[in-house]
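# got a predicted structure plus its sequence, pasted below:
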Amino acid sequence: MSNLETRPAEQVCAPGTAAPDVELLGPRDVPLGGPRAMSVRRTLPQRQRSLIGAWCFCDHYGPDDVSTSAGMQVPPHPHIGLQTVSWLFAGEILHRDSVGSLQTVRPGELNLMTAGRGISHSEESPEPSAGRPRPPTLHGVQLWTVLPLDAKDTAPSFEHHGDLPAVVRDGARVQVFLGALRVAGQELASPARTFTPLVGAQIDLEPEASVVLEVDPGHEHGLLVDDGDARLEDGEVDADTLAYVAPGRSRVTVSAGARPVRAVLIGGEPFGEDVVMWWNFVGRTYEEVVEARAAWTAQLADADDGGATFVPDAAARRFGQVEGYAGGPLRAPALPDVRLRPRRRPGR
């Protein structure tokens, strides 16, 4: 998914300082711009904490009624230096990209796109087909992970995984979509490719149920609660809140109260590199972001309807060209008026 903010702020993301046992990160509502756009609840990045492992972006949206609307409509847009993780609780999203992928993702399935040195893609609610209406509800999360320095310029690629490992035990269901996690003595490992040690999983709990997750003590973790009466360790976590747990634990317990719980666990080895995020770009310097914006702008021309279109040779350029989307690509927003000076990691 694109960050459709018309004036996105430049974010210099670095590992945070020590945190209490459970640190609660509240969401901020972000309207994604335009008459057909969605509103999302963003918990990463923020001033209090900008990274959890290599996870650098977390948008939570829905449940939205898309039965009588255009639903999700995110025109072709570029990315560098990251992986996008599309994960749904309800509905469908159709993905197209400049490496030729055309793939619908549904609940329990993973769409994973590696941007590397540059890719463009679109996402949309599929049009109803003969005898098959569009699912009426759209609900899920959009996550990004930072590619480490030695992989940030890798070739762009796309993966879809429709058969991901899960375990059901004592009123709890855990499904791992990235990395690996041990639950009830069973190792769950996603086949998806990652570039740093990390984990991503959906957790569903019946009322009064709990689950103990065996985690790497060298990793930090975050639990995004979608709905329900949730507890992480001994603390309550409200819906739409991301609860952070610092490294040092080998087990993490998630529990439900009177209402069932649905949550997403993200985590990984603390990321040791400062990164600059702006719009849909993740780089290491401001200059790298400026260069990527210029390269995307050079691939676009004015369209007759006042929007944008790809130039004739766009497919051979840095971000390639998305085929089949019924509309033009997104123009890049204006760069910030003031260039931020990079922060340094604590102790550096």
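Thanks, I have the structure now. Residues are numbered from 1 along each chain as shown.

# which residues in the stretch 201-348 of the chain form strands?
Taking DSSP state E, counting those that start in this stretch as the test, the strands found in the stretch 201-348 of the chain are 210-214, 220-227, 230-232, 235-237, 242-245, 251-256, 261-268, 275-278, 281-283, 300-302, 308-310.

# right, and the ones you listed - which one's nearest L102?
strand 308-310 (17.2 Å; CB to CB). The C-beta positions use only the backbone N, C-alpha and C, and glycine is treated the same way.

# quick one: strands adjacent to the closest one?
strand 300-302 (antiparallel) (DSSP bridges).

# how about residues contacting the partner strand?
Counting by CB atoms under 8 Å, 6 or more residues apart in numbering, strand 300-302 makes contact with A308, T309, F310, V311, A314, P329, R331, all of which sit outside it.

# try 6 Å
By CB atoms under 6 Å, 6 or more residues apart in numbering, the surrounding residues in contact with strand 300-302 are A308, T309, V311.

# same thing with stretch 226-243?
22, 24-27, 41, 43, 222-225, 253-263.

# so among the residues you listed, which ones count as buried?
22, 24-25, 27, 41, 43, 222-225, 254-256, 260-263 (16 or more other CB atoms under 10 Å).

# quick revisit: reformat the contacts of strand 300-302 as a markdown table; add pLDDT and neighbour count.
Output for the contacts of strand 300-302, formatted as a markdown table (pLDDT from 0 to 100; neighbours: other CB atoms under 10 Å):
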| residue | pLDDT | neighbour count |
| --- | --- | --- |
| A308 | 97 | 20 |
| T309 | 97 | 16 |
| V311 | 97 | 13 |
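
# what is the neighbour count of the nearest residue to R317 once chain neighbours are set aside?
In space, not counting the residues next to it along the chain, R317 is nearest to Q299; the distance is 5.1 Å by CB to CB, 6 or more residues apart in numbering. Neighbourhood size, Q299 [other CB atoms under 10 Å]: 23.

# mind listing what Q299 touches?
V311, A314, R317, F319.

# could I get the residues you listed in a markdown table, plus columns for distance to M72?
Converted to a markdown table, the contacts of Q299 look like this (distance: CB to CB, whole Å):
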| residue | distance to M72 |
| --- | --- |
| V311 | 26 |
| A314 | 24 |
| R317 | 26 |
| F319 | 21 |
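
# tell me the contacts of the residue most central in space within the chain?
The residue lying closest to the centre of the chain (CA atoms, centre = their mean) is L143, at 1.0 Å. Applying CB under 6 Å, 6+ apart, one finds that L143 lies in contact with C58, V85.

# next: Q186.
Contacts of Q186 (CB under 6 Å, 6+ apart): V167.

# and the gap between it and P247?
Q186 sits at a distance of 23 Å from P247 (criterion: CB to CB, to the nearest Å).

# what's the answer for Q299, then?
42 Å.

# for D238, same thing?
24 Å.

# same deal with K152?
K152 is 24 Å from P247, by CB to CB.

# out of these two, which sits in the busier spot?
K152 (21 against 16).

# which residues does the closest residue to G53 other than its chain neighbours form beta bridges with?
Spatially, and ignoring its direct neighbours in sequence, G53 is nearest to G268 (2.2 Å; CB to CB, 6+ apart). Counting by DSSP bridges, G268 is bridged to L198, E220.

# what sits against G268?
G53, A54, P197, L198, H219.

# run the last query once more with 10 Å
51-55, 145, 178-179, 194, 196-200, 216, 218-222 (CB atoms under 10 Å, 6 or more residues apart in numbering).

# where in the stretch 101-250 of the chain is pLDDT low?
Scanning the stretch 101-250 of the chain for pLDDT under 70 picks out the ranges 130-131.

# follow-up on the earlier one: H95 versus the residue nearest to the centre of the chain, what's the distance?
Distance from L143 to H95, by CB to CB: 14 Å.

# ok, G328 next?
Taken as CB to CB, the span from G328 to H95 is 18 Å.

# do T194 as well
19 Å.

# what does T253 give?
35 Å.

# what's the answer for P136, then?
20 Å.

# looking at these two, which has the bigger crowd around it?
Neighbours of P136 and H95, each counted by other CB under 10 Å, are more numerous for H95; the result is 22 against 14.

# doesn't K152 make contact with R117?
Yes - with contact defined as CB atoms under 10 Å, R117 and K152 form a contacting pair (7.7 Å).

# one step back: most neighbours, which of the contacts of Q299?
Counting by other CB under 10 Å, top hit in the contacts of Q299: F319 with 29 neighbours.

# show me the contacts for that one.
76-80, 97-98, 115, 117-121, 156, 292, 295-296, 298-300, 310, 329.

# only the buried subset of these, as a PyMOL command please.
Entered in PyMOL, the line below selects the buried ones among the contacts of F319, by 16+ other CB under 10 Å:
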select buried, resi 76+77+78+79+80+97+98+115+118+119+120+121+156+292+295+296+299+300+310+329
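
# show me the contacts of F319 that map onto helices.
A292, A295, W296 (DSSP state H).

# L335: which of these is nearest?
Nearest to L335 among the ones in helices among the contacts of F319, with distances taken as CB to CB, is A292, at 11.0 Å.

# for stretch 64-73, measure first residue to last.
Across stretch 64-73, the terminal residues are separated by 13 Å (CA to CA, to the nearest Å).
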